[in-house]
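Chemist: turn this into a structure:
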Amino acid sequence: MEYLVTMTTHVPEGTPEAAVDDVRAREAARSRELAAQGHLRRLWRPPPVPGQWRTFGLFAAADDGELEKVLASMPLRIWRTDEVTPLAPHRNDPGPGREQAVRGTEFFTFFTQAIPPGTADQAVRDAEAGEAERTRDLTGQGHLERLWVLPGAGRALGLWRADSSEQLQAILESLPLYAWLTVQTTSLSAHPSDPGNS
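Modeler: Purely as a prediction, here's the structure:
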C-alpha cells in the first residue's frame, strides 16, 4: 500500500547547529536505507511556509502499523509531525518505475470531482472513457507520472511533470472530466534525499 506523508519539522529553539547537522545526516542515511528496502519511493519539498520545514514523502508499507514503524525509525522524527494520507490505486494510474522523458517541474494536483445533478449516465461513461484515453496519451508524453484515489468521495491525487504552471494548466484543461473537477495544484521542488534522483 502507498501513502503520502506530509512531514513538518520544527527544530527546538536553541538547538546547536552541529546537532541539527548530525540529525540531518543520519536522516539522509536512513532515507537511503528505506529506499533500498522499498519503503521510501519519493521525497519532495513543497513551496516554503514561513517558520516551517516541510517535506512530502511517498512511502510503501504493508499496512498502517508497518508505516508507523518506518516513520518512527527516521532520525528527524524527534522534531517532526507526520500527516499520513493513504493512497489507493486509480484505474488510470500509469504505475511506478517508468523513465521520464520530460524533465520539467513536478506538480501535485488534488482533484475533487462533482458531476452535476441530472447528467446522463451515458455522458458520464463517455467522459470517463475519454479521460482514460487522454491520461494514457499524457503518460506517453511524459506529463502524467502517477494517479491515486484519495479518501473521500470523488477525490484523487495526480503527480505531473510540466515545463511551467501554465503548461500544466493547459494539460489539465485538456482532460475530458475537467469541467467537473475542482483542482488544487502544488509545485514541487527537488529533495536532496529523493530516491527518484538516483
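Chemist: helices of the protein, residue ranges please.
Modeler: Secondary structure of the chain, counting by DSSP state H: helices at 17-36, 64-72, 121-140, 165-173.
Chemist: now the last one: mean pLDDT?
Modeler: To tie it back to what came earlier, the one meant is helix 165-173. Helix 165-173 shows an average pLDDT of 97 in the prediction.
Chemist: please apply the same query to the first one.
Modeler: Model confidence over helix 17-36, given as mean pLDDT, is 95.
Chemist: now do the strands in this protein.
Modeler: For the chain, strands defined by DSSP state E occupy the ranges 2-9, 40-45, 53-60, 80-89, 105-113, 144-149, 155-162, 181-190.
Chemist: can you put these in a markdown table and add mean pLDDT and mean neighbour count?
Modeler: C-beta here means a position set from N, CA and C on the backbone, and glycine is covered the same way. Shown next, in a markdown table, are the strands of the chain (pLDDT from 0 to 100; neighbours: other C-beta atoms under 10 Å):
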| stretch | mean pLDDT | mean neighbour count |
| --- | --- | --- |
| strand 2-9 | 96 | 18 |
| strand 40-45 | 96 | 20 |
| strand 53-60 | 96 | 19 |
| strand 80-89 | 97 | 15 |
| strand 105-113 | 96 | 18 |
| strand 144-149 | 96 | 21 |
| strand 155-162 | 96 | 21 |
| strand 181-190 | 95 | 14 |
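Chemist: nearest to Ser73, of those strands?
Modeler: strand 40-45 (10.7 Å; C-beta to C-beta).
Chemist: give me the sheet partners of that closest one and which way each runs.
Modeler: For strand 40-45, the paired strands and their directions (DSSP bridges) read strand 53-60 (antiparallel), strand 181-190 (antiparallel).
Chemist: related to what we said a few turns ago, is it possible to get a markdown table of the helices of the chain that adds mean neighbour count?
Modeler: Listed next are those as a markdown table, based on neighbours: other C-beta atoms under 10 Å:
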| stretch | mean neighbour count |
| --- | --- |
| helix 17-36 | 14 |
| helix 64-72 | 14 |
| helix 121-140 | 14 |
| helix 165-173 | 15 |
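Chemist: need those in JSON lines (columns: distance to Trp53).
Modeler: Formatted as JSON lines, the entries for the helices of the chain read as follows, by distance: least, C-beta to C-beta, whole Å:
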{"stretch": "helix 17-36", "distance to Trp53": "10"}
{"stretch": "helix 64-72", "distance to Trp53": "16"}
{"stretch": "helix 121-140", "distance to Trp53": "33"}
{"stretch": "helix 165-173", "distance to Trp53": "24"}
